[in-house]
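**Q** pasting the sequence and the predicted model now:
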Number of protein chains: 2
Amino acid sequence: MPRVKQNKAGVDLTAALAGIRIDRGQAIGPQIYEALRHRIVDGRLPGGTPIHEGEIADLCFVSRTPLRAALQQLVGEGLIVTRPQVGSIVAPRDRRRFLEALFVRSAIECRIVRRLAERGLDEVALRPILIRQEVAARADDYATFFDADEDFHALLASMADVPNAWQLVQSVKSHVDRERFILMSSIRGRSQRAFEDHLRILNAIRAGDGDRAAAEMAAHIDSVLQQGTAAGEGDV
Amino acid sequence: MPRVKQNKAGVDLTAALAGIRIDRGQAIGPQIYEALRHRIVDGRLPGGTPIHEGEIADLCFVSRTPLRAALQQLVGEGLIVTRPQVGSIVAPRDRRRFLEALFVRSAIECRIVRRLAERGLDEVALRPILIRQEVAARADDYATFFDADEDFHALLASMADVPNAWQLVQSVKSHVDRERFILMSSIRGRSQRAFEDHLRILNAIRAGDGDRAAAEMAAHIDSVLQQGTAAGEGDV
DNA sequence: GAATGCATACTAGTATACAAGTATGCAGCA
DNA sequence: TGCTGCATACTTGTATACTAGTATGCATTC
């Protein structure tokens, strides 16, 4: 009997997981992790979706072992909730957790720009990323801008000699991105405004004004809040 | 043939892993994780120690499956380094990573006390922990104080409505504790001084002075730096 | 004697089989 | 008709068998 079956939540797992291609030359676990994480963040796997190890494993044509590795990491990040011997579901969107993620992001990234205001920037490394952002912002291409945005923040962390801090931010950022995808994907000019935020942050750093840089960064991060409350899924 | 064998680093794994008792009624993975993490932090498993899945599994009388779950988490925290198809070792102590951990801790915890300075403290919840700390500090019992210290910082995070932020801090804190165990375990009066730090932080919060509270917290966290450089292991 | 190619042993990664606990639905009974 | 108890099916957790990639040491060759 096939382990794949219909779930009452009405989520078509076969469709949601379509497009997952596994490179058998690479470790499977991380690939599954990324694929699932992305699908949770962008809403293809909404909160409450049942995650049965055997079923997902079959749909991805892998065994349960590497799948479990991926799930355990997602559980650690709070994106999946497991009740032992019972089952797992995609964690419902949780405003409290979302606010916590913003708090952590803000705390770390404000410190980063403070440090950079003291130590200065590597303008050469910065330039190509800024160009990519500007192009994407002009085209109002949020998907591309989103990628460049990630690189921007990662680079700031790297320049501040705390590259792993950005890793840490990423582990909580999923909760922010989950809201962001619902809130912002359709808002025109969003990229442009974010790009201008970046320029303001950089200018404050260049001026050596740590307080202002931190304030600009905090405003940049909190800007996701100013869009009002998400309508979103039925959960929460 | 037994998988347990002598390693050239001279670490007696049998002795280092002695005392690991697995409760078969609980999930094994987290128990192994805690046991290994603790032994890495306190130096019983020094940097460079080879970690062979099969060998460790045998010594702990568990299979490789839950052991791997534990190892993967430790890899995620940077306490173990794995080279695929080759082998794993305990990550060498890394001053850069240590400084990063301090950076992250400081960023998050300073934000927490800032927030508490605005919102106020739950003195009732705080009292029992403070008493435990004072008793341990008077007795110069650093082990007990260490536990109470964990609870103290966790409670602050909880009162600031960001309990998961403390979880996050803990995931990097291992790198701090690794140094701390070597640096401070024998320093007399250490607990007393840390306790006084806590009181200063709380007083600043009670006064509603976020800047001072953050400064006191930063000094408290950075105090581990003022003990000079660790002699420590051969690595790094 | 030095370098190179190959066989071997060992590692982590993966797949599958097994164990144990939980929910659920149905039968029996008050 | 409503409740209780049990049998069953299904879940995650664990153990073990298998695969494939890497290092190492030895034999061979130049």
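**A** Nice, I can see it.

**Q** which other helices and strands does the helix or strand harbouring A:F98 contact?
**A** Assessed by DSSP states H and E, A:F98 sits inside helix A:95-119. Counting contacts by 3 or more CB pairs under 8 Å, 6 or more residues apart in numbering or on different chains; DSSP states H and E, helix A:95-119 packs against helix A:142-159, helix A:163-184, helix A:190-206, helix A:210-222, helix B:95-119, helix B:163-184. Using the backbone N, CA and C atoms, a C-beta is placed for each residue, glycine as well.

**Q** buried stuff in the fifth one?
**A** Residues B:97-117 are the ones in helix B:95-119 that count as buried (16 or more other CB atoms under 10 Å in any protein chain shown).

**Q** show me what contacts A:F181?
**A** A:V41, A:D42, A:G43 (CB atoms under 8 Å, 6 or more residues apart in numbering or on different chains).

**Q** got phi/psi on the last one?
**A** Dihedral pair for A:G43: phi 90, psi 0, per degrees, to the nearest 10.

**Q** name the nearest residue to it, ignoring sequence neighbours.
**A** A:F181 (6.0 Å; CB to CB, 6 or more residues apart in numbering or on different chains).

**Q** how much space between that neighbour and A:A101?
**A** 14 Å (CB to CB, to the nearest Å).

**Q** same question, A:M217
**A** A:M217 sits 15 Å away from A:A101, taking CB to CB as the criterion.

**Q** what does A:G120 give?
**A** Distance from A:G120 to A:A101, counting by CB to CB: 29 Å.

**Q** which strands and helices sit next to the host helix or strand of A:A15?
**A** Using DSSP H and E, A:A15 sits in helix A:13-16. Helix A:13-16 is packed against helix A:53-60, with contacts defined by 3+ CB pairs under 8 Å, 6+ apart.

**Q** can you pull the buried residues of the very next helix or strand once past the helix it packs on?
**A** Next along the chain after helix A:53-60, taking DSSP H and E as the criterion, comes helix A:64-76. Within helix A:64-76, the residues that count as buried by 16+ other CB under 10 Å are A:P66, A:L67, A:R68, A:A69, A:A70, A:L71, A:Q72, A:Q73, A:L74, A:V75.

**Q** what's next to helix A:64-76, contact-wise?
**A** A:27-30, A:32-33, A:36-37, A:40, A:51, A:53-54, A:56-57, A:60, A:80-82, A:88, A:171, B:29, B:65, B:68-69, B:72-73, B:76.

**Q** which among those residues count as buried?
**A** A:28-29, A:32-33, A:36-37, A:40, A:51, A:53, A:56-57, A:60, A:80-82, A:88, A:171, B:29, B:68-69, B:72-73.

**Q** tell me how far A:R132 lies from DNA strand C.
**A** With distances taken as CB to the nearest atom of the strand, to the nearest Å, A:R132 is found 32 Å from DNA strand C.
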